[in-house]
Structures are given as C-alpha cells and as structure tokens.
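>>> would you be able to build a 3D model of this:
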Amino acid sequence: MQDVFREAGLSAGAVYRYFPAKADIVAAIADESIARVVPAIERALAADEVPPLPTVVEEVVDSIASLARREDSVVRISMSVWAEALRDDQLADFADSRYRHLRGRVALLVARMQDAGRLPADSDPEEVARVVFALFPGFIVQLMLLGDVEPASFARGLSALLGA
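Residues are numbered from 1 along each chain as shown. Modelled structure (predicted):
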C-alpha cells in the first residue's frame, strides 16, 4: 500500500477515503481493464451480421494484448488478482459478478451465432460461452508467462479447431 500512496502522491487517509480497502483498489483496476475488453463483444452483438467466433475472439484478445503492452497494464497483475480473489471474499464477489456478466454477454453472442448458422443450433449457448470465456484467461496466461502468443495466431488456431 505504501507504493500506492507514493505513486498516487496522496496520503494514506486520502487513498482510503476513495478506496476503503485494498480489494476496492484492485476492483477499480479490474473494472478499468474489463471496460476496455467489453466493446469487442458489444460490437459483435450489435452488428447486423454476427461475425465468426474466431474473429470476435481475435478482437477480444487483441484488446487484451494491447492492454498488456502498456507499462501500467492491469493485465500484468491479472493472475495475482485471480489468486487474491481465492482468499478475499469481497474480491471474489466482485470477480464473480463481473465475469458472470461478461460470460452472459458471450452466451448472447453464441446464441446469435447459432441463429446465423455459425455454430451448431443444438448446442447449449451457456456451455459454449463457458468454453469461449475460458479462452481469454488462457490467452493472458500464455501472453504473460510465455510471451509467444499473438491474437491472429490464436484466432487461426481456434478456426482450425472449429473446422475439425
């Protein structure tokens, strides 16, 4: 927390006035990063013709990769935040609500893709959304730990799997 106070140029009292607990700071940072990724999903939902799944995934992971390139990137601390959510109930509740909402938007997108004939009509959109949503943290883990994954190659790999 001392680093936060120093970086913000604020006293402990001033920081705690805006953020009563460390979890509130982490939640605010996570909210900012999620807000930068959501537009790719929302654009696909709003499109007259729903794009193919690999295209949407590429746009989302491209947003993630762009965020990761920033020096102050929240993507760089995302795995630590996930680990902290396992120990902090407030942060776990925050992650649960945000990620369930985001996964729900993916489920709506999956349903649109089914209606457009881009995905099998007999599949459960919620089940497919769980798998699609899992791609995003998987991309982050590979990007942060291995550094050898790019959005376009990730989408090509997904296209190959879907075409199999």
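
>>> so where do the helices sit in this structure?
The residue ranges that make up the helices of the chain, judged by DSSP state H, are 2-8, 12-18, 22-46, 53-69, 78-85, 89-115, 125-145, 151-163.

>>> could you export the ones you listed as CSV, including mean pLDDT?
Output for these, formatted as CSV (pLDDT from 0 to 100):
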stretch, mean pLDDT
helix 2-8, 67
helix 12-18, 75
helix 22-46, 81
helix 53-69, 91
helix 78-85, 82
helix 89-115, 92
helix 125-145, 95
helix 151-163, 94
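
>>> most tightly packed of those helices?
Highest mean neighbour count of the helices of the chain: helix 53-69, a mean of 20 (counted as mean count of other CB atoms under 10 Å). Every C-beta, even on glycine, is put in place using the N, C-alpha and C of the backbone.

>>> would you pull up how far that one lies from the middle of the chain?
9 Å (CA atoms, centre = their mean, to the nearest Å).

>>> residues making contact with it?
33, 36-37, 39-41, 43-44, 73-76, 109, 113, 118-119, 132, 135-136, 139-140, 143-144, 150-152, 154-156, 158-159, 162 (CB atoms under 8 Å, 6 or more residues apart in numbering).

>>> distance of the nearest residue to E84 once chain neighbours are set aside from A85?
Distances taken as CB to CB, 6 or more residues apart in numbering place L91 nearest to E84, at 5.7 Å, with adjacent residues excluded. Distance of L91 to A85, computed by CB to CB, to the nearest Å: 5 Å.
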